[in-house]
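> Quick one, fold the following:
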Amino acid sequence: MGTKKQSEKGAKRRFSLWKLFENNQFNVVISIVIAVLAWLVVSMYVKPETEGTVSNIPVKLDYSAQTLQAMGLDVVSEGDAPTANVRVTGDRAVLGGLDPEDITVYPRLSNVTEAGQYELELVAVKNDSSATYTIKSVQPARITVRFATLTQKKFVVETDTSGVKPKDGYILTNAYATPGEVTLTGPQEEIRSVGRVVAKVEIGEELTSTRIATAGLTIYDKDGNVMNSKVITVDAESVEVTVPILQKKSLPVTVGYTNVPEGFDISLLKPSFSVGSINLAGPADSIQNKQELSLGYIDLQREFALGFTKDFPVTLDTGYENLDNLRQITVSFDTSAFSQKQVTVDGIRVVNEPQNRTVTVNTKRIHDVTILGLTDEVEALTGKSVVAEIDAGDLTLGEGEQTVPVTMKIPGSSTAFAVGSYTALVEISAND
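Residues are numbered from 1 along each chain as shown. Alright, predicted model coming up:
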């Protein structure tokens, strides 16, 4: 009984497997599996060698750099470095592991003799000479390469501040770049055509103070056209441009006096100027505190005279601009109320004589001492009104005779004084 049941089960199983082969979907699956197994067998045991392509290998344009240097040439590249695809054959497992770094592609330079543009054959070599694959071809087979003699030249960086606007009451003065010059490198013919290098500043607000801005560089040819050369390089991509902004102000001009006689009233001197005020521009934080511009000083006793005039150069502090472009201003004096006379002065006295020295005045009188002042007082003065004085404290008191300066004073006078330079002969001796 048990044997009969087992036979029936076996017959049903054979019948079920046979039915599977009558199923089209099952047959498709079986066919694919058999094909894959067959391919694996053929690939691994029957035909392991195959072909493949290594793509996007950078072409090494400077592969023969020493050869180019010997000819004084450099590769001029106007864009991205070219790439090539290399066809290879070998064991499938080996080819599957190849990368662009495993192969070097370079142009053959045998035809390059001088600067110019050449169409060169590409050569591919294995970086590992022991690798078990073969290079069959390179695509593209040839490329165009330009060679030139590179040169360098320095250019001053000019500034363009047309995009900068100062606020009313302020001015923009000469901007300057840091660094002030850059070096351009490129083919000789391109470098020769460069006219200037410009840093243009763009600031989107009105300025009241100096500003430092970063600016890119633009290269212009000698005809003023922008050069968009891809073969010229600059040693700085940008520069720092200092944009000086100064505040404007008009200042009255004045003069000062030195060597003013004791007691003299300088308000009697009424200077007039060829230009009474001057328009300046300077840093806002300093020009706001200026109330006048001093032209300089007049030495009353050594320079002043009737009808006196003097030209003063206009000099300004560093960082200031002379908006009127004035080079000099003349100061003059109305001396119509003044007169002068000459007198002889006797009795020269010595003050501040040191204890260890004796100063003996050998000059007994000084002639032709000029007195200048208001007419009424000058007319009343005589030689006795004037005191001639030697200040021994100002002398180098070596022994012997020497000529020393003499100061003329008019005691009690505020409207007259002596003008000119005077000297006397003295003898200096040591005290025992």
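
> can you list the residues that contact the helix or strand encompassing residue 196?
If you go by DSSP states H and E, residue 196 is part of strand 194-207. Strand 194-207 is contacted from outside by 153, 155-167, 170, 172, 175, 177, 182, 184, 211, 213, 215-224, 227, 232, 234, 238-239, 241, 243, 245, using Cβ atoms under 8 Å, 6 or more residues apart in numbering. Heads up, the C-betas are built off the backbone N, CA and C, glycines and all.

> list the buried ones in the helix or strand following it?
Going down the chain from strand 194-207, the next helix or strand is strand 211-221, by DSSP H and E. Using 16 or more other Cβ atoms under 10 Å as the test for burial, strand 211-221 gives 211, 213, 215, 217, 219, 220.

> Contacts only, for residue 379.
Per Cβ under 8 Å, 6+ apart, neighbours of residue 379: 339, 341.

> Buried only: go through the contacts of strand 194-207 for me.
Burial by neighbour count, 16+ other Cβ under 10 Å: within the contacts of strand 194-207 this picks out 155, 157-159, 161, 164, 166, 170, 172, 175, 177, 182, 184, 211, 213, 215, 217, 219-220, 227, 232, 234, 239, 241, 243, 245.

> Quick check: strands, which of those residues are part of them?
Under the assignment DSSP state E, the buried ones among the contacts of strand 194-207 contribute 155, 157-159, 161, 164, 166, 170, 172, 177, 182, 184, 211, 213, 215, 217, 219-220, 234, 239, 241, 243, 245 to strands.

> in the strand holding residue 196, what's buried?
194, 197, 198, 199, 200, 201, 207.

> Pairing partners for it, with directions?
Within its sheet, and counting by DSSP bridges, strand 194-207 is paired with strand 150-166 (parallel), strand 211-221 (antiparallel).

> Now do the shortest one, average pLDDT.
Spelled out, it's strand 211-221. For strand 211-221, the mean pLDDT works out to 96.

> Contacts for that strand next, please.
With Cβ under 8 Å, 6+ apart, strand 211-221 has contacts from 157, 159, 164, 177, 182, 184, 193-203, 226-227, 229, 232, 234, 236-243, 245.

> Please compute how far it lies from its chain's middle.
The chain centre lies 11 Å from the centre of strand 211-221; the measure is Cα atoms, centre = their mean, to the nearest Å.

> Taking strand 238-243 as reference, get the angle to that strand.
120 degrees (axes from the mean of the first three to the mean of the last three Cα atoms, to 10 degrees).

> cool, the first one as well?
In terms of direction (the same axes, to 10 degrees), strand 150-166 departs from strand 238-243 by 30 degrees.

> before we move on, back to that, include distance to residue 60 when you put the buried residues of strand 211-221 into JSON lines, please.
Shown next, in JSON lines, are the buried residues of strand 211-221 (distance: Cβ to Cβ, whole Å):
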{"residue": "211", "distance to residue 60": "47"}
{"residue": "213", "distance to residue 60": "41"}
{"residue": "215", "distance to residue 60": "36"}
{"residue": "217", "distance to residue 60": "30"}
{"residue": "219", "distance to residue 60": "29"}
{"residue": "220", "distance to residue 60": "34"}
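
> And the nearest residue to residue 155 once chain neighbours are set aside, how far from residue 156?
Spatial nearest neighbour of residue 155, excluding adjacent residues (Cβ to Cβ, 6 or more residues apart in numbering): residue 197 at 4.4 Å. With distances taken as Cβ to Cβ, to the nearest Å, residue 197 is found 8 Å from residue 156.

> next one: residue 256
Using Cβ to Cβ, we find residue 256 at a distance of 41 Å from residue 156.

> One more: residue 279?
For residue 279, the distance to residue 156 equals 30 Å [Cβ to Cβ].

> ok, residue 149 - contacts?
72, 73, 74, 115, 187, 188.

> Mind doing that once more with 7 Å?
Applying Cβ atoms under 7 Å, 6 or more residues apart in numbering to residue 149 gives the contacts 72, 73, 115, 187, 188.

> Tell me the bridge partners for the spatially closest residue to the last one that is not a sequence neighbour.
Excluding its sequence neighbours, the residue lying closest to residue 188 (Cβ to Cβ, 6+ apart) is residue 151, at 4.9 Å. Beta-bridge partners recorded for residue 151 (DSSP bridges): residue 186.

> Quick one: neighbours of residue 151, just the number.
14 (other Cβ atoms under 10 Å).

> now the residue nearest to residue 409 when sequence neighbours are not counted: how far from residue 172?
Nearest non-adjacent residue to residue 409, counting by Cβ to Cβ, 6+ apart: residue 387, 4.6 Å away. Applying Cβ to Cβ, the value for residue 387 to residue 172 is 59 Å.

> Now stretch 112-128: buried residues?
So stretch 112-128, judged by 16+ other Cβ under 10 Å, has buried residues 112, 115, 118, 120, 122, 123, 124, 126.

> do stretch 319-333 as well
Of all the residues in stretch 319-333, those buried under the rule 16+ other Cβ under 10 Å are 320, 321, 329, 331, 333.

> Tell me the secondary structure at residue 37.
Recorded secondary structure, residue 37: helix (DSSP: H, G, I helix; E, B strand; the rest coil).

> Measure how buried residue 393 is and give me the count.
10.

> now do the one 4 residues further on
Other residues near residue 397 come to 17 when the count uses other Cβ under 10 Å.

> Bridged to residue 280, which residues?
For residue 280, the beta-bridge partners are residue 249, residue 322 (DSSP bridges).

> I figured it was touching residue 249, is that so?
Yes. Residue 280 lies in contact with residue 249 (Cβ atoms under 7 Å); the separation is 5.8 Å.

> Need the residues touching each of the two.
Shared contacts of residue 280 and residue 249, counting by Cβ under 7 Å, 6+ apart, come down to residue 287.

> how about residue 393, what does it touch?
By Cβ under 7 Å, 6+ apart, the neighbours of residue 393 are residue 352.

> tell me the domain ranges of the chain?
Following automatic domain parsing, one gets these domains for the chain: 49-148, 150-243, 247-332, 338-430.

> Looking at those, which is nearest to residue 31?
Judged by Cβ to Cβ, the one of the domains of the chain that comes nearest to residue 31 is domain 49-148, at 23.9 Å.

> what distance separates the start and the end of that closest one?
Terminal residues of domain 49-148 are spaced 44 Å apart (Cα to Cα, to the nearest Å).
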